[in-house]
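S.K.: Need the 3D shape of this:
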Amino acid sequence: MKKRVGLLALAVSGVFVSLLVWFQVRPLARAASGYGAKILCSGVFVSGRIPAEVVSQELALDHPATRLLRYSIDRTALTAQASLLGLFPRTALYRPALGCTLDSDVSLAQLRSQAALPPPPEPAAEPPLPPSPLDAVLEAAFREPDPSSPLRTRALVVMLRGRLLAERYAPGFHRAMRLQGWSMTKSITNALTGILVAQGRLRLDTPAPVPEWSSPSDPRHSITLDQLLRMSSGLAFQESYFDLTADAPIMLFRSPSAGDYAAARPLEVPPDSRWQYSSGTTNILSRILRDTFHGDLPAYWQFPRRELFAPIGARSATLEPGPDGAFVGSSFMYATARDWARLGQLYLNDGLWDGRRILPAGWVRYSTTPTPKAPRGHYGAQIWLNAGEPSDRASRDWPHLPPDTFAFNGFEGQHVIVIPSLQAVVVRLGLTQG
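M.R.: Okay, here's the model as predicted:
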């Protein structure tokens, strides 16, 4: 009898431990496999790269979970799948006009049924540039001074006074390839917000239209669109990617709605009392933009192409939505290096393109005005600044560049650097980890 009781207790303990491991491991595994499926899908179907190269480069992260992932591509179904040793599989679906979207609590059939859009126009065939005085400089930027810590520069483009001056690409990459911008996408969300502000559909200085905060008794009720743009909302958010239990990977790779997840975060400090970089606030903005279209997803999805990309000739630009249809405005946009440069040039032109006003008058000045609580004046409204302390050049993020420099910056070394005093735009895309 005692032996049976002991065996039963051992069995119950085993079940308990198994359940505990399951509930702890499953969310981490789903985040890891979601990351793998999404990055592989976009790398193959949006950028047109070889799957094995994406796996051996983008997905060769120094993280225990990613080393255990297994991958597959289905070119007929337009899907990429990743799993943790065959468990916890996740799938990302490619839709030609929209890029890739993860199956976070939705089925592939539901994603396919959301709406149909005409495929985006193919990027115009653009001839290579003639030799440039900068070619030697660009060539030097592709060297690898430390093989143990590779820079992996993939694309460099330089524009001067509105003219394409020089460009260079790493082997296997080319001028027609759409490349990931990561958090440079935040600056595109800035542009789309500005367009809707100019149309009178949004206001900067009133409480943001977030249903979860609509009650005046909610401590988040007073958060404004301006505070979201400036990362000064006061909302709690863990901007960490190596820790798969942090807010950012949960939001991007497990949640069916990045905006819903971020909007549910509690207020940690009063609005405007602290600057804290947060991809969550950008995805709240992106959901707000979607909601201005009152459920008309096709109209919302075509809005960036119609109002921003097409007018400046950025035909390759691909913003990817989450399962809820809202663009993942913090992180998921692909474009050619030349089109990233066009977007930087638009800001250098104060929002004008060939005499047509794309961004509202004063929007670039607003976006590049330092946020009061941001240290060293290094952040505006979804745009990084180089202001520093007026009397301390060393306090700038880039001490060797003029203080009027501003930039779209992204994970792993993505940059669109705009230098108004030199009338220059420099784009650098790569895979520089750490």
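
S.K.: And the helices in the stretch 251-400 of the chain?
M.R.: 258-263, 279-291, 297-304, 310-312, 337-348, 363-367 (DSSP state H, counting those that start in this stretch).

S.K.: Just send those helices back as TSV, with distance to residue 378 and mean pLDDT too.
M.R.: Yep, even glycine has a C-beta here, placed from its N, CA and C like the rest. Below are the helices of the stretch 251-400 of the chain laid out as TSV (distance: least, C-beta to C-beta, whole Å; pLDDT from 0 to 100):
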stretch	distance to residue 378	mean pLDDT
helix 258-263	22	98
helix 279-291	17	98
helix 297-304	27	96
helix 310-312	27	97
helix 337-348	17	98
helix 363-367	14	98
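
S.K.: among those, which is nearest residue 239?
M.R.: Residue 239 lies closest to helix 279-291 among these, at 6.2 Å (C-beta to C-beta).

S.K.: Could you give the number of residues near residue 190?
M.R.: 24 (other C-beta atoms under 10 Å).

S.K.: pLDDT weak spots in this structure?
M.R.: For the chain, the stretches with pLDDT under 70 are 1-24, 62-65, 121, 123-124.

S.K.: how about a cut-off of 80?
M.R.: For the chain, the stretches with pLDDT under 80 are 1-26, 61-67, 115-116, 118-125, 434.

S.K.: Pick out the residue nearest the middle of it.
M.R.: Among the residues of the chain, the one closest to the centroid is residue 331, at 1.1 Å (C-alpha atoms, centre = their mean).

S.K.: quick one on the thing from earlier: now the helices of the stretch 251-400 of the chain in a markdown table, with mean neighbour count and distance to residue 137?
M.R.: Below are the helices of the stretch 251-400 of the chain laid out as a markdown table (neighbours: other C-beta atoms under 10 Å; distance: least, C-beta to C-beta, whole Å):
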| stretch | mean neighbour count | distance to residue 137 |
| --- | --- | --- |
| helix 258-263 | 25 | 39 |
| helix 279-291 | 26 | 33 |
| helix 297-304 | 19 | 33 |
| helix 310-312 | 16 | 26 |
| helix 337-348 | 25 | 16 |
| helix 363-367 | 20 | 27 |
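
S.K.: Assess the claim that the residue nearest to the centre of the chain and residue 185 are in contact.
M.R.: Yes: counting by C-beta atoms under 8 Å, residue 331 does reach residue 185; the two are 5.5 Å apart.

S.K.: Helices of the stretch 51-200 of the chain, start to end?
M.R.: 51-56, 108-113, 135-141, 185-198.

S.K.: Looking at those helices, which is nearest to residue 318?
M.R.: helix 185-198 (10.5 Å).

S.K.: could you give the angle of that closest one to helix 297-304?
M.R.: When axes from the mean of the first three to the mean of the last three C-alpha atoms, to 10 degrees is applied, the directions of helix 185-198 and helix 297-304 differ by 100 degrees.

S.K.: gap between whichever helix or strand comes after helix 185-198 and the chain center?
M.R.: Going down the chain from helix 185-198, the next helix or strand is helix 225-229, by DSSP states H and E. Distance, stretch centre to chain centre, for helix 225-229: 18 Å (C-alpha atoms, centre = their mean, to the nearest Å).

S.K.: Give me the contacts around helix 225-229.
M.R.: If you take C-beta atoms under 8 Å, 6 or more residues apart in numbering as the criterion, helix 225-229 is touched by 190, 193, 197, 202-206, 208, 233-234, 271-272, 281-282, 284-285, 288, 367, 381-382.

S.K.: likewise stretch 344-360?
M.R.: Outside stretch 344-360, the residues touching it (C-beta under 8 Å, 6+ apart) are 159, 162, 187, 191, 194-195, 197-198, 307-308, 311-312, 361, 363-365, 367, 383, 406, 408, 416-418, 420, 423, 425, 427.
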